[in-house]
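Q: Requesting a structural model of the entry that follows:
(2 chains)
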Amino acid sequence: MAKQISIFLENKSGRLSHVTRVLGDAEVNIRALSIADTSDFGILRLIVNDPEKAYRILKEKGFTVSQTEVIAVLVPDTPGSLATVLERMAEENLNIEYLYAFLGTKEDDALIIFKVEDIEKAKKAFDKQGIRFLDEKKLYEL
Amino acid sequence: MIWNKEQECMPREELDKLQLSRLKDTVSRVYDSVPAYKSKMDEAGVNPRDINNLADLKYLPFLTKQDFRDNYPFGLLAVPMRDVVRIQSSSGTTGKPTVAGYTQHDIENWAELMARALTGAGATADSIIQITWGYGLFTGGLGGHYGAEKIGAAVLPASGGNTRRQVMLMHDYGTTLLGCTPSYALVMYEEFLKSGLDRSEFKFKSGLFGAEPWSENMRKEIESKWEIDAYDVYGMTELIGPGVASECACKQGLHLAEDHFLAEIIDPDSGAVLPYGERGELVITSLTKQALPLVRYRTRDLTQINRQPCACGRTHARIQKILGRSDDMLIIRGVNVFPSMVESILLQIPGIEPQYQLVVDRVNNLDRLEVQVEVSEQVFSDEVRRLEELEARISRELDSGLGIAVRVRLVEPRTIERSEGKAKRIIDNRKL
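A: Okay, here's the model as predicted:
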């Protein structure tokens, strides 16, 4: 389990640089990110080293921001490993809302951030299928 | 051409006398039969006997759109429902539509007014008149229709929409005069170009355009593209519909039917009557209406009155093309839109805060309304799908509440400009 910071951004130049600068000035380190966008707006999703602080700072600066529960799944950094994880999740009927990859880690495994429909069900299924995931504290320390 | 020389070219003194006798009659009638008028006049300390000349009009209280709301739907009618033969109403953009009732006599007068307007725009009994204003509760379609029939012209009651078919009708049936909104005349022109039809096969000569504000530049554009004469017609549901004022061949202002309406120009802030020639808000008193008489109705339209004689021979004073509004009402594709209406619709959607802005553009000659809504934390989601659903929902609610298609755009908090703590609600990019 981990906390993701989600931020609403209009599709206008300078918005992304603004939000990243705000976080940089607050000494918040971005560890993973993805952007989902439409023609009008985008949603920036971030895993940072200090989600509470990031949330507070962004709110102060007037952004629309929320915290979302996600899971950081460890996937062996070898061909076919992600496919295997996804196949097992499908077997367990886990609905994935979206996923994105973590930036570089010191571990041997790759890290994939999953947003699933039902996080408790996912955790049980992961245990059953032997899918490993990182706990919150470890993730922020990476 | 003049439809009714006797009335339209009546000498000033005679016209003044006629107006005064009709004014006295109207004021007594509303005082006796409409409680809302009686209480307003009693409160102002005036009664019908105080009206001894036209200038005494200024002692009477104003009637406003709020009075229509307070007396919705039929409280301002001066006749029993058995005498009403027609009900029309405006698009309900302030919660409730504005309702107008007509007696048979009112309908005949309205047809007379539109016959004058159409004749001014070149119509005769030989004309084929295509009415492309919407038919229904909106006054454009039926108003134009009755006027055209009164002239003895052939009417094509095409109503709105289906531009391709409209152009085909114009071509195949030999339309000589078109009645529609000015912007739609340009939309039809684009369709005509696409059709590949030969302009020389059309008999189209002139158009009577109204139901939305339009500029001299737009007139030039319509006239040069279509190679026609374009005339302006003014009116609104409360007054009677289109035909209250209309242009003659001189195109130097719209002759106000002074035998049926009395016009004043006031300072919209103080309410003081301004001298002829000054710009201000048009205030209308009806002189012949039976079902819905109006005494000093504030139209909120800004214009000026010109009493100089016109080369066409009509003696009725002219109002200048409408210059704007003294309130924040927008007219979009002929529909009246108040920001307050948008606000009340938005507030019915859970989680939406009243932080919004209306942006109006004219794209390919059609008005487009975009409503920008700030995304609060309450409605924000990390999933695109959810936000798109929210956008679609807002758009659906606004479409059905306002009666026009609205484009909704979600924006970041505090992106909507706030001036002196008060949000700037309207950005009108139309060059009117």
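Q: what about the closest residue to residue B:5 other than its chain neighbours, distance to chain A?
A: Counting by Cβ to Cβ, 6 or more residues apart in numbering or on different chains, residue B:313 is the residue found nearest to residue B:5 once chain neighbours are left out, at 7.9 Å. To be clear about C-beta, it is placed using only N, CA and C from the backbone, and glycine gets the same treatment. Here the criterion is Cβ to the nearest Cβ, to the nearest Å. By it, residue B:313 lies 56 Å from chain A.
Q: same deal with residue B:40?
A: Separation of residue B:40 from chain A (Cβ to the nearest Cβ) stands at 48 Å.
Q: do the same with residue B:121
A: Summarising the geometry, the distance separating residue B:121 from chain A, computed by Cβ to the nearest Cβ, is 43 Å.
Q: What's the local residue count around the residue of the stretch 301-432 of chain B found nearest chain A?
A: Minimum separation of the stretch 301-432 of chain B from chain A (Cβ to the nearest Cβ) falls at residue B:382, amounting to 3.6 Å. One way to gauge burial is a neighbour count; for residue B:382, by other Cβ atoms under 10 Å in any protein chain shown, it gives 24.
Q: hang on, the earlier thing: list the residues that contact the residue nearest to residue B:5.
A: Contacts were defined as Cβ atoms under 8 Å, 6 or more residues apart in numbering or on different chains; by that measure residue B:313 touches B:2, B:5, B:9.
Q: what helix or strand is it on?
A: Assessed by DSSP states H and E, residue B:313 sits outside every helix and strand.
Q: sorry, back to before: now do the same contact list for the residue of the stretch 301-432 of chain B closest to chain A.
A: Residues touching residue B:382, when contacts are defined by Cβ under 8 Å, 6+ apart, comprise A:4, A:6, A:43, A:45, A:66, A:68, A:115.
Q: Give me the buried subset of the contacts of residue B:313.
A: Neighbour counting by 16 or more other Cβ atoms under 10 Å in any protein chain shown classes residue B:2 among those as buried.
Q: and which of the contacts of residue B:313 is nearest chain A?
A: When the contacts of residue B:313 are compared for distance to chain A, the smallest value, 54.0 Å, is given by residue B:2; criterion: Cβ to the nearest Cβ.
Q: ok now do the spatially closest residue to that closest one that is not a sequence neighbour, which residues does it touch?
A: Excluding the flanking residues, the one nearest residue B:2 by Cβ to Cβ, 6+ apart is residue B:8, at 5.4 Å. With contacts taken as Cβ under 8 Å, 6+ apart, residue B:8 has the following neighbours: B:2, B:116, B:255, B:314-316.
Q: How much space separates residue B:8 from residue B:308?
A: From residue B:8 over to residue B:308 the distance is 16 Å, taken as Cβ to Cβ, to the nearest Å.
Q: so how far is the longest strand along chain A from its chain's centroid?
A: What stands out as the longest strand in chain A, according to DSSP state E, is strand A:65-76. In terms of Cα atoms, centre = their mean, to the nearest Å, the gap separating the centre of strand A:65-76 from the centre of its chain is 4 Å.
Q: returning to what we had before: from the contacts of residue B:313, which ones fall inside helices?
A: Here DSSP state H is the test, and the contacts of residue B:313 give residue B:5 as lying in helices.
Q: Hmm, residue B:113 is touching residue B:245, no?
A: No - because the distance of 9.1 Å does not satisfy Cβ atoms under 8 Å, residue B:113 is recorded as not touching residue B:245.
Q: Tell me which helix or strand residue A:4 sits in.
A: Once you assign secondary structure using DSSP H and E, residue A:4 falls within strand A:2-10.
Q: Going by neighbour count, which residues in that strand are buried?
A: Neighbour-count burial for strand A:2-10 flags A:2-9 (criterion: 16+ other Cβ under 10 Å).
Q: Please check the contacts of residue B:8 and keep the buried ones.
A: Looking at these with 16+ other Cβ under 10 Å, the buried ones turn out to be B:2, B:116, B:255, B:314-316.
Q: just to revisit the earlier point, what's the most distant pair in the contacts of residue B:382?
A: A:66 and A:115 (12.3 Å; Cβ to Cβ).
Q: When these two are compared, which one has more neighbours?
A: The neighbour comparison of residue A:66 against residue A:115 (other Cβ under 10 Å) goes to residue A:115, with 22 against 18.
Q: From residue B:393, how far off is the more buried one?
A: 23 Å.
Q: thought residue B:319 was touching residue B:281?
A: No - if you go by Cβ under 8 Å, residue B:319 and residue B:281 don't touch, sitting 11.5 Å apart.
Q: Also near chain B: which of the buried residues of strand A:2-10, exactly?
A: A:4, A:6, A:8-9 (Cβ under 8 Å from any Cβ of the partner chain).
Q: Tell me the one among those nearest to residue B:398.
A: residue A:8 (20.5 Å).
Q: Report pLDDT for that closest one.
A: Among the per-residue scores, residue A:8 shows a pLDDT of 95.
Q: so can I have CSV of the buried residues of strand A:2-10 showing distance to residue B:349?
A: Formatted as CSV, these follow (distance: Cβ to Cβ, whole Å):
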residue, distance to residue B:349
A:2, 32
A:3, 28
A:4, 26
A:5, 26
A:6, 21
A:7, 22
A:8, 17
A:9, 22
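Q: any idea how far residue B:294 is from residue B:235?
A: 12 Å.
Q: And for residue A:22?
A: 58 Å.
Q: More neighbours: which of the two?
A: Neighbours around residue A:22 and residue B:294, counted as other Cβ under 10 Å, are more numerous at residue B:294. The numbers are 25 against 18.
Q: got a list of what the closest residue to the more buried one other than its chain neighbours touches?
A: Nearest residue to residue B:294, sequence neighbours excluded (Cβ to Cβ, 6+ apart): residue B:286, at 4.5 Å. With contacts taken as Cβ under 8 Å, 6+ apart, residue B:286 has the following neighbours: B:26, B:239-240, B:260-262, B:292-295, B:297.
Q: and which of those residues is nearest chain A?
A: Of all these, residue B:239 has the smallest distance to chain A: 40.5 Å, by Cβ to the nearest Cβ.
Q: Listing partners with orientation, what would you give for the helix or strand harbouring residue B:233?
A: Residue B:233 belongs to strand B:229-236 when elements are defined using DSSP H and E. Within its sheet, strand B:229-236 is paired with strand B:206-209 (parallel), strand B:241-247 (antiparallel), according to DSSP bridges.
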